[in-house]
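[1] Pasting the sequence and the predicted model now:
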Amino acid sequence: MRTEILPATEEHIARAAEVIRAGGLVAFPTETVYGLGADALNEEAVRKIFLAKERPPDDPLIVHIAFAQQLAQLARQVPQRAWDLAEKFWPGPLTLVLPKTDRVPAVTTGGLDTVAVRMPSHPVAKRLMELSAVPIAAPSANRFGRPSSTTAQHVWEDLAGRIDLIVDGGPTPIGVESTVLDLTQEPPMVLRPGGVTLEELRKVVGEVHLLSSCSSEAAKRSPGTRWRHYAPRAKVLLVEQGTAEAVLERFRSVRVGVLVRGPHPHPLSRPQRRERGERGEGPEVIVIQMPRSLREYARRLFAALRELDAQGVEVIVVEKLEERGLGRAIMDRLRRASSSEREA
Ligand code: TXA
Ligand code: MG
């Protein structure tokens, strides 16, 4: 299949909407990451998403909508709490899990009787949904298990030749995926931390539980979160703050990458080490300076992991972040990227 990549003009978005209506696959920007979209109510089209991504069929997709009323067509019961959350956070990076109606095919929800729904705020995503006039099922537009795509180029690297069209709307502003909130239980539970923080959710709905990322409970409740995920080819090592330099000493014979938040130029970078007479020759340490602000860090995260892969490092050392606000979503992705567990 020939994959087209087109800038996000009105004309090209209209073309993308036609592809969606005809049962094809379109990658498009959302405010979180790029999504790989198909008509959520068309079984054949949704099946193509799983094939293109090599995604296991029991890993449910998020259904994207343009208007709040569409929620009532997809979800059997919409509690007041869901409307309250929608009013506060939609359009935006919050996904709500609710009991599904019969209109939603089982392939879309990975066989579950619940459906995950969100209304994105990105103008290109909004326009695409308006013009296609169908709910769009869209997982992140990466090969299964890889870091999510935050640019059209990332989508191209992972999916060229497997999908019809990539709409290029530039880098995505948030950089980590939406928060997935399960409203079928009491109190509601965050299945995946994301762009809307736990602190923000608690302000609106009071008590909210957070599913611990790597538990077996997590595997049961949110099938897509059970595997090693968001992972570059290199091995990711998550270390305590301020210890990256010491940890690097263990990797004197391999090419390593490091993500650190610190002053620039960083003492770990190659010229600095050479000045100090250390490791001037031999395998290189590639330092990516990450921003102090959690928002900026999140925006940069997946691209940084992909960049280090492209530079051929064998190990990526990452310093842990504070687990508050967006730090929870970032740490969740880093933990999964560093997990060595790989089922099935
Ligand atoms: O920000 C996002 O959410 C991006 C953009 C494209 O919207 N999409 C995204 O989709 O991250 P995906 O497929 O990569 O992740 C969807 C997550 C998975 O962890 C999946 O298990 C969970 O949502 N999920 C989907 N439907 C579910 C359901 N019915 N019950 C529980 N978890 C569900
Ligand atoms: Mg994903």
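    Everything's here; your move. These figures come from a predicted structure and were not determined experimentally. Numbering: from 1, shown residues only. Ligands and ions are numbered 1, 2, ... in the order given.
[2] my guess is P139 contacts G35, does it?
    Yes: contact criterion Cβ atoms under 8 Å: P139 and G35 qualify, at 6.9 Å. (Glycine included, C-beta is placed from N, CA and C.)
[3] When those two are compared, which one has more neighbours?
    A count of neighbours by other Cβ atoms under 10 Å puts G35 above the other of P139 and G35, at 30 against 23.
[4] ok, now how distant is that one from ligand 1?
    Distance from G35 to ligand 1, counting by Cβ to the nearest ligand atom, to the nearest Å: 3 Å.
[5] I'd guess that residue is in a strand, am I close?
    Yes: under DSSP: H, G, I helix; E, B strand; the rest coil, G35 falls within a strand.
[6] After the least confident helix or strand in the chain by mean pLDDT, which helix or strand is next? Please name it.
    Here the helix or strand of the chain ranked lowest by mean pLDDT, DSSP states H and E is helix 216-221, holding a mean of 60. The first helix or strand that comes after helix 216-221 along the chain, using DSSP states H and E, is strand 235-239.
[7] Just checking, which helix or strand succeeds that following strand along the chain?
    In N-to-C order, the element after strand 235-239 by DSSP H and E is helix 244-248.
[8] end to end, how far does stretch 313-332 reach?
    End-to-end distance of stretch 313-332 (Cα to Cα, to the nearest Å): 22 Å.
[9] Ok, stretch 76-93 next?
    22 Å.
[10] Can you mark which positions in that stretch are buried?
    V78, R81, A82, L85, A86, F89, W90, P91, G92, P93 (16 or more other Cβ atoms under 10 Å).
[11] between those residues, which is closest to T30?
    Using Cβ to Cβ, the shortest approach to T30 within those belongs to P93, at 8.2 Å.
[12] Surely that closest one and T179 touch.
    Yes: P93 is within contact range of T179, at 6.3 Å (criterion: Cβ under 8 Å).
[13] joint contacts of those two?
    Taking Cβ atoms under 8 Å, 6 or more residues apart in numbering as the contact rule, P93 and T179 both touch G194, G195, V196.
[14] would a markdown table of those residues with neighbour count and distance to D309 be doable?
    Compiled in a markdown table, the shared contacts of P93 and T179 are given as follows (neighbours: other Cβ atoms under 10 Å; distance: Cβ to Cβ, whole Å):
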| residue | neighbour count | distance to D309 |
| --- | --- | --- |
| G194 | 26 | 23 |
| G195 | 27 | 24 |
| V196 | 23 | 29 |
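[15] Same list (the residues you listed) but as a markdown table, adding pLDDT.
    Listed next are these as a markdown table, based on pLDDT from 0 to 100:
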| residue | pLDDT |
| --- | --- |
| G194 | 98 |
| G195 | 98 |
| V196 | 98 |
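[16] on that earlier part again, from the buried residues of stretch 76-93, list the ones also adjacent to ligand 1.
    P93 (Cβ under 6 Å from any ligand atom).
[17] Next step: the buried residues of stretch 76-93 restricted to helices.
    R81, A82, L85, A86, F89 (DSSP state H).
[18] Just the closest of those to ligand 1, please.
    F89 (12.5 Å; Cβ to the nearest ligand atom).
[19] residue contacts, that closest one?
    By Cβ under 8 Å, 6+ apart, the neighbours of F89 are V196, E200, V204.
[20] Pick the one among those closest to D332.
    V196 (13.5 Å).
[21] Can you give me the distance of the closest one to R76?
    24 Å (Cβ to Cβ, to the nearest Å).
[22] swap in T101?
    From T101 to R76 the distance is 5 Å (Cβ to Cβ).
[23] Sort out which residues of stretch 141-148 are buried, please.
    Quick answer for stretch 141-148 (16+ other Cβ under 10 Å): A141, N142, F144, G145, R146, P147, S148.
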